[in-house]
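S.K.: following is a predicted model, sequence given first.
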Amino acid sequence: MSKVRMFRRLVSAVVLGLIGLLGPFSGVADRLAQATDWPQFRGPRGSAVDPSVQPIPVEVGPDQNQLWKTPLPPGHSSPVLWGNRIFVTAVREQKLLTIGLDRETGKVQWESEAPYERLESIHRIGSFAQSTPCADADGVYSFFGSSGLYCHDHSGKLLWSKPMGPFVNDFGAASSPILAGDRLILCQDHDLDSFLLCVHRKTGEVIWKTERTDFLRNSCTPILWNNEGRLQIVVAATLRVAGYDLETGKEAWTVRGISRTVVSSPTVGADGNLYLAGWAAGGDEAERIRVEPFDDVAALKDRDKNGSLEESELAEGPVFQRFSQADRNKDGHLTRAEYELFRSLFDQGRNLLLSIRPGAVGDATETHVRWTYPKQVPFCASPLLWGDWLFTIKDGGILQCLNATTGKVAKPLRLEASGSYYASPVGGDGKIFLVDESGRLTVIAASEELTLLHTADFQEDVYATPAVVDGRLYLRTASSLYCFGLK
């Protein structure tokens, strides 16, 4: 650890000790405790914003303000930081790895392999290391859909593991674990046997497990929400958003009317309001996908008259294109029940951005939705809330800025980086950093004007969301981890 960083931590520790005596200002102490760490997917509380006030260079690129670059095995997980360590997961020659790096130099300090019986199925552009780890002062907690949960200390010693997976989902597991004090939370929504799990971070012992049988495959990473004094876990998924009590795992509220599947993650504003996006093909009002009833299709295409539909009988259409999703038990046959359930997802799913106010209890669809907005909804990239503005980036490079209070669009902007966006936007020092799948990075001023500040091309794929903390930007590409900052 550098002398400068060591000094900052010493000052923070002293200030925290003083503020800890002030009771009512415990929230301030909590913010300072995270001022130099990026402990989970999208940083402190999933905010995606650098909690420090350190300057970050505008010009960031392969040859601009680079402090170090470290080759890494492939993986889609995002970097997380705690203390003098950076943690990622990766895959090398079908070995599942958790990797610890030195924060100042980028040098790899240790690797630990996660055993498995078989690798999960993944999407054609997916990875066996898709879930982002989380970290605290005692350890790093990584998850592999092929293997399960693992806890290491910061030197790489395995403290505990909890085997699980592979799951019934040919896209692979992608939701990431998060921490809530001594509780480690993991949501896994798949074609069958979806669940929300809470284990003790020190032992891996199950505290509670909540079945989510009405949720199909989703990739939303949960977020913690202080809902008028009740700390809850929020997950956006199949057709609805749900909040769960942290202590018991019981569902506390729901808001219905979102997309049939959700990949992006919610965020919470300083005002306590919740913001999220849900998009799936066929959910835009102008491009609805309609699926014909089972009985009508079976009358024409059930050639063997076995009462179910097989992939070879369908041959074309929206269900044929998503046969593995509709066939929940993966037996190769679509029963009437499976088909009609899948058809109902297209009938009910709606792509939109929305905001939910605190106080939600029970079915809060009609009572606690502040606003909805159905246009230019992002697919994978999570919304970024900064002050009074909500920023979103849609595949094709369509950036928009919405008033967080009203949901009205202030200004859209089409970026030159017009690819798909699997990495979510992050912000710091008045700047927003966006990077598309092909590695084209865009820097925008964090205001409703959406002023373009800088562009760069890394000329390789990027799927991981960057970390931006303490005045430095950490960007993972297909082959390397970069660190940028002012020298």
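M.R.: On my side now, so go ahead. Numbers count the residues shown, from 1 in each chain.

S.K.: ok, the closest residue to Thr367 other than its chain neighbours - contacts?
M.R.: Setting aside the residues directly before and after it, Thr367 is nearest to Ala360 in space (CB to CB, 6 or more residues apart in numbering), at 7.6 Å. In short, each C-beta sits where N, CA and C put it, glycine included. Neighbour list for Ala360: 227, 243, 252-253, 255, 367-368 [criterion: CB atoms under 8 Å, 6 or more residues apart in numbering].

S.K.: do the same with Asp153
M.R.: Asp153 neighbours (CB under 8 Å, 6+ apart): 138-140, 159.

S.K.: among the contacts of Ala360, name the buried ones.
M.R.: 227, 243, 252-253, 255, 368 (16 or more other CB atoms under 10 Å).

S.K.: ok so, going back, between the contacts of Ala360, which is closest to Thr442?
M.R.: Distance ranking of the contacts of Ala360 against Thr442, using CB to CB, places Val255 first at 32.1 Å.

S.K.: partner residues bridging the nearest residue to that closest one once chain neighbours are set aside?
M.R.: Distances taken as CB to CB, 6+ apart place Val241 nearest to Val255, at 4.6 Å, with adjacent residues excluded. Residues in a beta bridge with Val241, per DSSP bridges, are Ala236, Val255.

S.K.: would you confirm that Val241 contacts Gln232?
M.R.: No. Using CB atoms under 8 Å, Val241 makes no contact with Gln232, being 11.2 Å away.

S.K.: which one's more surrounded, these two?
M.R.: Val241 (26 against 23; other CB atoms under 10 Å).

S.K.: quick check: the gap between the more buried one and Gly278.
M.R.: Counting by CB to CB, to the nearest Å, the separation of Val241 from Gly278 is 8 Å.

S.K.: ok, back up a step: which ones are touching the residue nearest to Val255?
M.R.: Applying CB under 8 Å, 6+ apart, we find Val241 in contact with 234-235, 254-255, 258, 266, 274, 276, 356.

S.K.: out of those, which comes closest to Glu340?
M.R.: Of all those, Ile258 has the smallest distance to Glu340: 20.4 Å, by CB to CB.

S.K.: that closest one contacts Ala280, correct?
M.R.: No. Applying CB under 8 Å as the test, Ile258 and Ala280 come out as separate, 9.3 Å apart.

S.K.: between the two, what contacts are shared?
M.R.: Applying CB under 8 Å, 6+ apart, one finds that Ile258 and Ala280 are jointly contacted by Gly349.

S.K.: what touches both of Val241 and Gly278?
M.R.: Listed contacts common to Val241 and Gly278 are Ile258; contacts here mean CB under 8 Å, 6+ apart.

S.K.: just list the residues touching Ala364, thanks.
M.R.: Per CB under 8 Å, 6+ apart, neighbours of Ala364: 253-255, 356.

S.K.: can we see that at 7 Å?
M.R.: 253-255 (CB atoms under 7 Å, 6 or more residues apart in numbering).

S.K.: count of residues packed around the closest residue in space to Phe379 that isn't next to it in sequence?
M.R.: What sits nearest to Phe379 in space, not counting adjacent residues and going by CB to CB, 6+ apart, is Trp279, at 4.7 Å. Using other CB under 10 Å, Trp279 has 26 other residues around it.

S.K.: also the one 3 residues further on?
M.R.: By other CB under 10 Å, 18 other residues sit near Gly282.

S.K.: and Phe323, by the same measure?
M.R.: Count around Phe323 with other CB under 10 Å applied: 17.

S.K.: so how far is Arg322 from the nearest residue to it once chain neighbours are set aside?
M.R.: Excluding the flanking residues, the one nearest Phe323 by CB to CB, 6+ apart is Glu311, at 4.7 Å. To Arg322, Glu311 is 11 Å away according to CB to CB.

S.K.: cool, Lys408 as well?
M.R.: 34 Å.

S.K.: more crowded one of these two?
M.R.: For the pair Lys408 and Arg322, the greater number of neighbours falls to Arg322 (17 against 9), based on other CB under 10 Å.

S.K.: and the residue nearest to the more buried one when sequence neighbours are not counted, which of the three is it?
M.R.: Nearest residue to Arg322, sequence neighbours excluded (CB to CB, 6+ apart): Phe342, at 7.4 Å. Here Phe342 is recorded as helix under DSSP: H, G, I helix; E, B strand; the rest coil.

S.K.: next one: Glu338
M.R.: With three-state DSSP as the criterion, Glu338 reads helix.

S.K.: what about it, neighbour count?
M.R.: Count around Glu338 with other CB under 10 Å applied: 21.

S.K.: let me see the contact set for it.
M.R.: Counted by CB under 7 Å, 6+ apart, Glu338 has contacts 326-328.

S.K.: which single one of those residues is nearest to Phe144?
M.R.: Arg328 (23.0 Å).

S.K.: which element is that closest one on?
M.R.: Taking DSSP states H and E as the definition, Arg328 sits outside all helices and strands.

S.K.: cool, Phe167 as well?
M.R.: Phe167 belongs to no helix or strand when assigned by DSSP H and E.

S.K.: chain neighbours aside, what residue packs nearest to it?
M.R.: Residue nearest to Phe167 in three dimensions, not counting chain neighbours: His190, with 4.3 Å by CB to CB, 6+ apart.

S.K.: also Ser324?
M.R.: That would be Asp170: by CB to CB, 6+ apart, it lies 5.1 Å from Ser324.

S.K.: I figured the one you found hits Leu119, correct?
M.R.: No. Here Asp170 does not reach Leu119: they are 11.9 Å apart, not a contact under CB atoms under 7 Å.

S.K.: overlap in contacts of the two?
M.R.: Counting by CB under 7 Å, 6+ apart, nothing touches both Asp170 and Leu119.

S.K.: in the stretch 251-400 of the chain, which spans are strands?
M.R.: Under the criterion DSSP state E, counting those that start in this stretch, the stretch 251-400 of the chain contains strands at 251-256, 267-268, 274-278, 352-356, 362-363, 369-373, 384-386, 389-394, 398-403.

S.K.: ok, the second one: who's next to it in the sheet?
M.R.: Read it as strand 267-268. Applying DSSP bridges, one finds strand 267-268 paired with strand 274-278 (antiparallel).

S.K.: how far off centre is the partner strand?
M.R.: Distance of strand 274-278 from the chain centroid (CA atoms, centre = their mean, to the nearest Å) equals 12 Å.

S.K.: same thing with stretch 446-462?
M.R.: Put simply, stretch 446-462 sits 20 Å off its chain's centre (CA atoms, centre = their mean).
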